[in-house]
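Peer 1: coordinates only, sequence not included:
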């Protein structure tokens, strides 16, 4: 039987029940047999909360602008509902019996929980309660223990693929390992998270392909292990391929939750050098990998998808493949003018030299392949993805288009990434 921990938090009865419960709780908190309450208290509370949410939205979207995308409307609506519930519960603490005051606080906390549930359902970050609990579980292992250097490697004759010569050992573990490690370089990055598939534990050890993976903005590298369910999905892929799977290194291309160096070398930082030189050098030094460019993939979602395209055209000698999940049309801090001013002191020519669509218009990339993924309901990024796809085709790339149900969220990014793995396995030698 299905465990309650595996019930969906993003669709089905749980999000619906949370919304209904929040509506009932707000209704109870809003009703009192008091004329002053209806005429003064309730309107003032609702108006104050609405003004606060509106002001916060304007401040974030128009003044601070930490991210190029505006705050989602659903997020702000639920924030307003939670604020109204908490404020009404606080006002109710001034009168009435203690049991009623306690009940009011519990209802307000229930609205907050419903808001969190609805927001999670919108973004699809935690698909189940088990995924939420996994946040508190630390199953990471020391990289020094699981990635000891080895000279005993599987040799692949010229003209053959790894899958042609690989023989799964009888004692191969069923699961891969997850480690955390700092990758030094041209920018100060948060620690990377590294997935090593079961085959990495084999003797002799195969030289495995590499995926350098990125989340969006704001994000942490671990988001691919929480929202992306990377470990369980890569383990499932490995089980279907006799233990073989790519090594996945989830790196930080930002530096912090609110930073965005645009994956460029500019006054904002040396993100391009870090991703195109430092990260690959560290991986090749630290891990047993297939060093051919055909075996290397750069991938990411949203801002990370934009970054993946950038590295595909700016470091084609390193990355032979890319996966762009809901990426932007170009690296951006909101507008082209704001971006050029912040990164290059207004030098439009400097931006044009490194902007991927401009590079694709000037150069051909017949040896590069990629997958471009978009959500059917993503009104902002789907049109950008179409433009990027056509630019890549004109530049001679071997690109696939993948359109999935959903918008700019994990409902698209999870299946988009894992749905690209069979195609990638053929290109990198893990499948025939």
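Peer 2: Good, I have the coordinates. These numbers come from a predicted model, not from an experiment. Residues are numbered from 1 along each chain as shown.
Peer 1: any low-confidence regions in the chain?
Peer 2: For the chain, the stretches with pLDDT under 70 are 1-2.
Peer 1: again, only using 50
Peer 2: For the chain, applying pLDDT under 50 flags no range at all.
Peer 1: Quick check: chain neighbours aside, which residue is closest to the spatially most central residue of it?
Peer 2: Central residue of the chain (Cα atoms, centre = their mean): residue 215, 3.4 Å from the mean position. Distance criterion Cβ to Cβ, 6 or more residues apart in numbering; nearest residue to residue 215, sequence neighbours excluded, is residue 223 at 4.3 Å. For every residue, glycine as well, the C-beta is placed using N, CA and C.
Peer 1: For residue 381, see how far away the one you found is.
Peer 2: 18 Å (Cβ to Cβ, to the nearest Å).
Peer 1: And those two? Which one has more around it.
Peer 2: A direct count of neighbours by other Cβ atoms under 10 Å for residue 223 and residue 381 places residue 381 higher, at 24 against 21.
Peer 1: so what's the spatially closest residue to the more buried one that is not a sequence neighbour up against?
Peer 2: Leaving aside its sequence neighbours, residue 381 sits nearest to residue 326 (Cβ to Cβ, 6+ apart; 4.7 Å). The neighbours of residue 326, taking Cβ atoms under 8 Å, 6 or more residues apart in numbering as the test, are 301-302, 305, 373-375, 378, 381, 385, 408, 412-413, 416.
Peer 1: residue boundaries of the strands in the stretch 101-250 of the chain?
Peer 2: 177-181, 192-196, 210-214, 247-250 (DSSP state E, counting those that start in this stretch).
Peer 1: could the ones you listed go into a markdown table alongside mean neighbour count and distance to residue 41?
Peer 2: Converted to a markdown table, the strands of the stretch 101-250 of the chain look like this (neighbours: other Cβ atoms under 10 Å; distance: least, Cβ to Cβ, whole Å):
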| stretch | mean neighbour count | distance to residue 41 |
| --- | --- | --- |
| strand 177-181 | 19 | 50 |
| strand 192-196 | 24 | 49 |
| strand 210-214 | 27 | 48 |
| strand 247-250 | 26 | 49 |
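Peer 1: how about JSON lines for those strands, with distance to residue 341 added?
Peer 2: Shown next, in JSON lines, are those (distance: least, Cβ to Cβ, whole Å):
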{"stretch": "strand 177-181", "distance to residue 341": "36"}
{"stretch": "strand 192-196", "distance to residue 341": "31"}
{"stretch": "strand 210-214", "distance to residue 341": "25"}
{"stretch": "strand 247-250", "distance to residue 341": "31"}
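Peer 1: if we can go back for a sec, can you tell me which of the contacts of residue 326 end up in strands?
Peer 2: Residues of these located in strands (DSSP state E): 301, 373-375.
Peer 1: Let me know the closest of those residues to residue 346.
Peer 2: residue 301 (30.0 Å; Cβ to Cβ).
Peer 1: Name whatever forms a beta bridge with the closest one.
Peer 2: residue 325 (DSSP bridges).
Peer 1: my read: residue 19 touches residue 115, true?
Peer 2: No: counting by Cβ atoms under 8 Å, residue 19 does not reach residue 115; the two are 9.6 Å apart.
Peer 1: neighbour count winner among the two?
Peer 2: residue 115 (23 against 17).
Peer 1: Residue 346 contacts residue 340, doesn't it?
Peer 2: Yes: counting by Cβ under 8 Å, residue 346 touches residue 340, with 5.8 Å between them.
Peer 1: the more surrounded of these two?
Peer 2: Shown here are residue 346 and residue 340; by other Cβ under 10 Å, residue 340 has more neighbours (21 against 11).
Peer 1: Show the contacting residues for the closest residue in space to residue 270 that isn't next to it in sequence.
Peer 2: Spatial nearest neighbour of residue 270, excluding adjacent residues (Cβ to Cβ, 6+ apart): residue 186 at 3.5 Å. Residue 186 makes contact with 269-271, 273-274, 277-278 under the criterion Cβ under 8 Å, 6+ apart.
Peer 1: ok, residue 186 to residue 3 distance?
Peer 2: 46 Å.
Peer 1: And for residue 385?
Peer 2: Applying Cβ to Cβ, the value for residue 385 to residue 3 is 37 Å.
Peer 1: Who has more neighbours out of the two?
Peer 2: Ranked by neighbour count (other Cβ under 10 Å), residue 385 and residue 3 place residue 385 first, with 25 against 9.
Peer 1: what residues are up against the spatially closest residue to that one that is not a sequence neighbour?
Peer 2: Among residues not flanking residue 385 along the chain, residue 374 sits closest, at 3.9 Å (Cβ to Cβ, 6+ apart). Counting by Cβ under 8 Å, 6+ apart, residue 374 touches 326, 381-382, 385-386, 401-404, 412.
Peer 1: at 7 Å instead, please
Peer 2: When contacts are counted by Cβ atoms under 7 Å, 6 or more residues apart in numbering, residue 374 touches 326, 381-382, 385, 403.
Peer 1: show me where the stretch 301-432 of the chain has helices.
Peer 2: Per DSSP state H, counting those that start in this stretch, the stretch 301-432 of the chain carries helices over the ranges 303-314, 336-344, 348-354, 356-362, 381-394, 410-419, 421-428.
Peer 1: Highest mean neighbour count out of those?
Peer 2: Mean neighbours per residue, mean count of other Cβ atoms under 10 Å, is largest over the helices of the stretch 301-432 of the chain for helix 303-314, with a mean of 28.
Peer 1: So which elements touch that one?
Peer 2: With contacts defined as 3 or more Cβ pairs under 7 Å, 6 or more residues apart in numbering; DSSP states H and E, helix 303-314 has these neighbours: strand 210-214, strand 296-301, strand 321-325, helix 356-362.
Peer 1: Can you say which of those is nearest to residue 83?
Peer 2: strand 296-301 (30.0 Å).
Peer 1: Contacts for the closest one next, please.
Peer 2: 209-216, 307-308, 311-312, 318-323, 325-326, 413, 417, 424.
Peer 1: That one to helix 410-419, inter-axis angle?
Peer 2: Strand 296-301 runs at 170 degrees relative to helix 410-419, counting by axes from the mean of the first three to the mean of the last three Cα atoms, to 10 degrees.
Peer 1: Next, report how far strand 296-301 is displaced from the centre of its chain.
Peer 2: 11 Å (Cα atoms, centre = their mean, to the nearest Å).
Peer 1: same deal with stretch 305-322?
Peer 2: In this view, stretch 305-322 has its centroid 17 Å away from the chain centroid, taken as Cα atoms, centre = their mean.
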